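A.B. asks: the amino acid sequence is not available; the structure is as follows:
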Ligand code: GMT
């Protein structure tokens, strides 16, 4: 198949999923065309089946905001016609689904059919998408997509709850590439960072408000009083300054490392004992799944789709959003007993294996085939 992929090229989870999916499709022999405003960060090596098309939204003194949605639609039209795409897959509804919709209409007028699949990732539904400033367009463009997928059952339910959706949504979860995310021996690094055998707790995110990074610090402050430990804070974003101030106020800076954005997250996970994800909303929690693949149990909130990956009392524990004291209690319970920690690590890996990309990729391929073959019927409905 010739597949176009539209996504955010930055560090966000939706861009990571889109890029890793594109790379895996290319390895399987499909031709993949990324259409984005910047080379996706995870598109880090050459492959003969991967092509990159840059969207440039022209600036003009009249514009307060560049009309990116129009520039993207125009680029999709151009790439689809020239490269003869069979299908377009857009990740994150805003504004990608509406750009795809305009492009499909333009192409249709020119006698070219381009079905498109919209994958809903999370905040495009639970936060931004349902805001009245975007909702009518998001709802319309989801309803007029040729195929719709969501990354968890919880997100599917949220979509039906928040929008008037008259179409079937297919759940295809996030996945793991085990050739990258696996436990490796980084003992020398662990000894340097935790010379007295301290446990290492890790949080990875974009430090947005929904991630509740301050809860990570508050729970860690309670854990370190019972179990000697260190905290890795990986990533960057708007909440970072406030988090640093909290660490200073608590007097725990010596035990907390702000590591910023890191490409080789798997190496940090390889020395970690627990992964912390106290999010307010989380449609899936790819960062937690990546940790589990590297044998790291998860202490998390029970928001959104997290219960679909973190199994209570097996791969980790979940608490209500904001209950950092319960999260600390659960972390101490796991960390204080070596045999128990080992068991949780094994369980985390075993459950992560069910999300192996080898199991998930065929689901996307089958879905594309179904959408392409149903295209004529759907056009009739629309
Ligand atoms: O919140 C992020 O980390 C970024 C966000 C995105 O859309 O870029 O991630 C969402 O998509 C990921 C991949 O499908 C999911 O694993 C995350 O749970 C989801 N984030 C939220 O729902 C807050």
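C.D. replies: Arrived safely, thanks for sending. Bear in mind that the values here come from a model prediction, so they are computed numbers and not experimental data.

A.B. asks: residues from the stretch 101-250 of the chain in reach of the ligand?
C.D. replies: By Cβ under 6 Å from any ligand atom, the residues of the stretch 101-250 of the chain that approach the ligand are 121, 122, 123, 151, 174, 206, 210. Every residue, glycine included, has its C-beta placed from N, CA and C.

A.B. asks: next, count neighbours for the third one.
C.D. replies: Other residues lying near residue 123 total 21 when counted by other Cβ atoms under 10 Å.

A.B. asks: does it touch residue 211 like I think?
C.D. replies: No: under the criterion of Cβ atoms under 8 Å, residue 123 is not in contact with residue 211, lying 11.1 Å apart.

A.B. asks: where do the helices of the chain begin and end?
C.D. replies: Taking DSSP state H, the helices of the chain run over residues 13-27, 68-83, 93-109, 123-126, 135-143, 153-162, 187-193, 213-223, 240-250, 265-269, 286-293, 324-335, 338-352, 357-381.

A.B. asks: any regions of the stretch 201-350 of the chain where pLDDT drops low?
C.D. replies: Low-confidence segments of the stretch 201-350 of the chain, defined by pLDDT under 70, are absent.

A.B. asks: mind putting the helices of the chain into JSON lines with distance to residue 38?
C.D. replies: As requested, these are arranged in JSON lines below (distance: least, Cβ to Cβ, whole Å):
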{"stretch": "helix 13-27", "distance to residue 38": "10"}
{"stretch": "helix 68-83", "distance to residue 38": "12"}
{"stretch": "helix 93-109", "distance to residue 38": "14"}
{"stretch": "helix 123-126", "distance to residue 38": "19"}
{"stretch": "helix 135-143", "distance to residue 38": "23"}
{"stretch": "helix 153-162", "distance to residue 38": "26"}
{"stretch": "helix 187-193", "distance to residue 38": "31"}
{"stretch": "helix 213-223", "distance to residue 38": "26"}
{"stretch": "helix 240-250", "distance to residue 38": "22"}
{"stretch": "helix 265-269", "distance to residue 38": "20"}
{"stretch": "helix 286-293", "distance to residue 38": "20"}
{"stretch": "helix 324-335", "distance to residue 38": "36"}
{"stretch": "helix 338-352", "distance to residue 38": "30"}
{"stretch": "helix 357-381", "distance to residue 38": "24"}
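
A.B. asks: so which of those is the most surrounded?
C.D. replies: Most buried of these by mean neighbour count (mean count of other Cβ atoms under 10 Å) is helix 286-293; its value is a mean of 26.

A.B. asks: contacts for that helix next, please.
C.D. replies: Identification of contacts with helix 286-293 by Cβ atoms under 8 Å, 6 or more residues apart in numbering yields 13, 16-17, 174, 176, 178, 181-182, 202, 204-205, 265-266, 269, 272, 275, 277, 298, 300, 306, 309-310, 315, 348-349, 351-353, 355.

A.B. asks: switch the cut-off to 6 Å
C.D. replies: When contacts are defined by Cβ atoms under 6 Å, 6 or more residues apart in numbering, helix 286-293 is touched by residues 13, 174, 176, 181, 204, 269, 275, 277, 298, 309, 348, 352, 355.

A.B. asks: again, but for stretch 121-136
C.D. replies: Where contact means Cβ under 6 Å, 6+ apart, the residues beyond stretch 121-136 that reach it are 14, 92, 93, 94, 138, 151, 158, 159, 162, 281, 283.

A.B. asks: what's the burial count for the nearest residue to residue 186 once chain neighbours are set aside?
C.D. replies: In space, and not counting its chain neighbours, residue 186 is closest to residue 270: 4.4 Å by Cβ to Cβ, 6 or more residues apart in numbering. By the other Cβ under 10 Å criterion, the neighbourhood of residue 270 contains 20 residues.

A.B. asks: and what of residue 53?
C.D. replies: 16.

A.B. asks: ok, which of the helices of the chain comes nearest residue 43?
C.D. replies: Of all the helices of the chain, the one in closest proximity to residue 43, counting by Cβ to Cβ, is helix 13-27 (5.5 Å).

A.B. asks: how distant is that closest one from the center of its chain?
C.D. replies: In terms of Cα atoms, centre = their mean, to the nearest Å, the centre of helix 13-27 is found 11 Å from the chain centre.

A.B. asks: quick one: end-to-end distance for stretch 228-245.
C.D. replies: 22 Å (Cα to Cα, to the nearest Å).

A.B. asks: and of the helices of the chain, who's closest to residue 1?
C.D. replies: Comparing the helices of the chain against residue 1 with Cβ to Cβ, the closest turns out to be helix 357-381 (6.2 Å).

A.B. asks: pLDDT score for the closest residue to the ligand within the stretch 101-250 of the chain?
C.D. replies: Using Cβ to the nearest ligand atom, the point where the stretch 101-250 of the chain gets nearest to the ligand is residue 122, with a distance of 2.4 Å. Each residue has a pLDDT score; the one for residue 122 is 93.
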